[in-house]
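S.K.: Okay, sequence plus prediction incoming.
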Amino acid sequence: MSLRDFLEKLKSEGKLKEIKKPLSPVLEVSAIVGNEPSIFTNVNGSKVVMNILASRELLAEALGVRQEKIIEHLSSCPPEGEIKLVRDSPMKEVIEKPDLYKLPILTHFEGDGAPYITAGVVVSEYDGMMNASIHRLRVIGKDRLAARLVEFRHTYNLHKKASEKGEPLPIAIVIGIDPVTLFAISTRVPEGKEYNYAAAIKGEPLEVIELENGIKVPHAEIVLEGYIHPTELVDEGPFVDISGTYDLVRKQPVIYITKIMHKRDPIYHALLPAGSEHNILMGIPYEPLIFNEVKKVADARNVVMTPGGCYYFHAAVQIHKTNDDEPKKAIDATFAAHKSLKHVVIVDDDIDIFNPNDIEFAIATRVKGDEDIYIYPDVRGSTLDPRSENGIGTKVGIDATMDLSMRWKFERAKRPEIRGL
Ligand SMILES: Cc1cc2nc3c(=O)[nH]c(=O)nc-3n(C[C@H](O)[C@H](O)[C@H](O)COP(=O)(O)O)c2cc1C
């Protein structure tokens with residue numbers, strides 16, 4: 001199902017809001033966008049779509065599974081699906097010299113100071129190894145972008161390898177790919193396996209086309225072809241990221257765009273930083289990764305990246321405890337699966353982890369602060385945590401499970417069920 005197929009589906013179900021009012025990409029779209037899937041048909045004359053994956057319900061619809069089965073589906077798909085190389089794609093309908101200012105790239109917040117591509121997948125390849133991941137991309141010229149490459153992630157590693165040899169890293173940026181592939185690419189999988197994982201969770205081969213610079217990309221609305229300069233760095237930021245606060249301005253690599261290709265009348269996909277779709281794409285991919293890691297040490301029942309934790313810094317993990325050692329092991333497994341996580345709470349399987357009040361109930365009644373809270377100072381977390389020193393901070397794991405030897409003290413009493421009253 002392409003992006004357009006998915007939009008048609010949402011439209012036919014009455015779930016796609018259409019905004020025809022002429023709008024500027026500078027602050028106006030971000031001022032009015034809500035939480036529902038929306039297509040803006042006249043942003044400086046172009047189409048912009050937002051919020052296609054703005055909820056678990058929409059993600060379930062794109063994956064073709066029931067909402068409560070998402071984690072089961074995602075955690076049971078090894079990244080081994082088939083990739084199919086095809087010769088042509090409608091994204092080649094129009095081929096142009098680069099002029100990024102012709103695209104409806106949004107400026108989201110007043111302090112941003114520049115437009116940012118937010119749903120652009122950067123595909124790179126070096127020395128036979130490929131990577132595909134989303135990076136925020138600041139427009140700094142009609143053919144230049146500043147890319148935020150977080151240290152030790154795979155695009156960063158490939159760029160480092162190329163730059164050590166003084167070579168540019170060939171890349172392509174795809175915008176407007178199908179929602180399931182976009183979700184797969186947002187998941188941290190073993191190096192080079194993003195397309196295989198996309199095919200696995202789609203349940204069909206992923207078609208890719210090879211560009212002139214050798215990069216293989218899936219069908220998209222818009223493709224920018226180019227390279228990351230081996231040494232040039234510029235200021236990247238300010239930018240509001242997942243926390244809804246301004247991230248630091250840092251020196252980051254420069255991307256040169258050499259060619260732009262797109263469908264006729266392309267649909268540009270944008271994410272509102274810290275908005276619902278950003279949340280879903282940044283957070284939910286970690287749930288199956290945590291689930292599989294915790295399963296190695298305990299009977300994991302469910303994992304939720306919680307809304308109050310920006311879908312990124314907090315996880316609640318539900319286990320069926322059979323031994324009092326398991327929660328601590330589950331805490332360590334959770335932090336191993338999601339390195340950017342800051343706080344995790346482990347709860348029993350009578351706690352509804354989708355309900356923040358239920359989680360708080362577990363903390364209130366099953367935690368003894370000096371015994372059940374594990375503190376890990378000076379460890380690598382997320383550079384997006386405003387309380388960290390460029391990613392180095394403190395993690396906390398909370399064991400909010402019952403003491404197995406005294407279940408009677410912790411179990412909630414059930415109200416009587418008396419028939420005929
Ligand atoms: C919406 C969104 C925006 C992201 N922005 C960035 C970014 O600016 N820089 C970055 O390094 N990672 C960013 N990420 C994270 C990576 O894309 C993601 O963790 C990816 O799976 C990294 O995997 P990799 O190490 O295989 O490249 C973003 C992810 C999402 C979903």
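M.R.: Everything's here; your move. Numbering: from 1, shown residues only.
S.K.: Could you measure from whichever residue of the stretch 251-400 of the chain sits closest to the ligand over to Ser133?
M.R.: Proximity of the stretch 251-400 of the chain to the ligand (CB to the nearest ligand atom) peaks at Leu281, 3.7 Å away. In short, each C-beta sits where N, CA and C put it, glycine included. Distance, Leu281 to Ser133, by CB to CB, to the nearest Å: 11 Å.
S.K.: Arg387 now?
M.R.: Applying CB to CB, the value for Arg387 to Ser133 is 25 Å.
S.K.: Pro104 too?
M.R.: Pro104 is 23 Å from Ser133, by CB to CB.
S.K.: swap in Ile260?
M.R.: Ile260 sits 21 Å away from Ser133, taking CB to CB as the criterion.
S.K.: Leu281 and Ser133 - which one has more neighbours?
M.R.: Leu281 (24 against 20; other CB atoms under 10 Å).
S.K.: which SSE is that one in?
M.R.: Assessed by DSSP states H and E, Leu281 sits inside helix 276-283.
S.K.: ok, and what's touching that helix?
M.R.: 35, 50-56, 58-59, 118, 134, 182-183, 186, 242, 271-272, 305, 307, 310-312 (CB atoms under 8 Å, 6 or more residues apart in numbering).
S.K.: Would you mind identifying the next helix or strand past it?
M.R.: With DSSP H and E, the next secondary element past helix 276-283 is helix 286-295.
S.K.: for that following helix, packing partners?
M.R.: Counting contacts by 3 or more CB pairs under 8 Å, 6 or more residues apart in numbering; DSSP states H and E, helix 286-295 packs against helix 70-75, strand 299-305, strand 314-320, helix 326-337.
S.K.: Name the residues of the second one that are buried.
M.R.: Neighbour counts using 16 or more other CB atoms under 10 Å place 300-305 of strand 299-305 among the buried residues.
S.K.: same question, the last one
M.R.: Within helix 326-337, the residues that count as buried by 16+ other CB under 10 Å are 326-335, 337.
S.K.: Ok, the shortest one next?
M.R.: Residues of helix 70-75 classed as buried by neighbour count (16+ other CB under 10 Å): 70-71, 73-75.
S.K.: tell me the mean pLDDT over that helix?
M.R.: Averaged over helix 70-75, pLDDT sits at 94.
S.K.: Pull it out as PDB, backbone CA atoms only.
M.R.: The C-alpha trace of helix 70-75 is given here as PDB (Å, rounded to 0.1, in the frame of the first residue of the first chain):
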ATOM      1  CA  ILE A  70       0.700  -4.600  17.100                       C
ATOM      2  CA  ILE A  71       3.500  -5.600  19.600                       C
ATOM      3  CA  GLU A  72       2.900  -9.300  18.800                       C
ATOM      4  CA  HIS A  73       3.100  -8.700  15.100                       C
ATOM      5  CA  LEU A  74       6.200  -6.400  15.300                       C
ATOM      6  CA  SER A  75       8.100  -8.500  17.800                       C
END
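S.K.: Paired strands for the next helix or strand after it, with orientation please.
M.R.: Helices and strands here follow DSSP H and E; after helix 70-75, the next one along the chain is strand 83-86. Looking at strand 83-86 with DSSP bridges, its partner strands are strand 206-210 (parallel).
S.K.: now the helix or strand that the partner strand is followed by: how far from the chain's centre is it?
M.R.: Once the chain leaves strand 206-210, the next helix or strand it forms, by DSSP H and E, is strand 216-218. Centroid displacement of strand 216-218 relative to its chain, using CA atoms, centre = their mean, to the nearest Å, is 19 Å.
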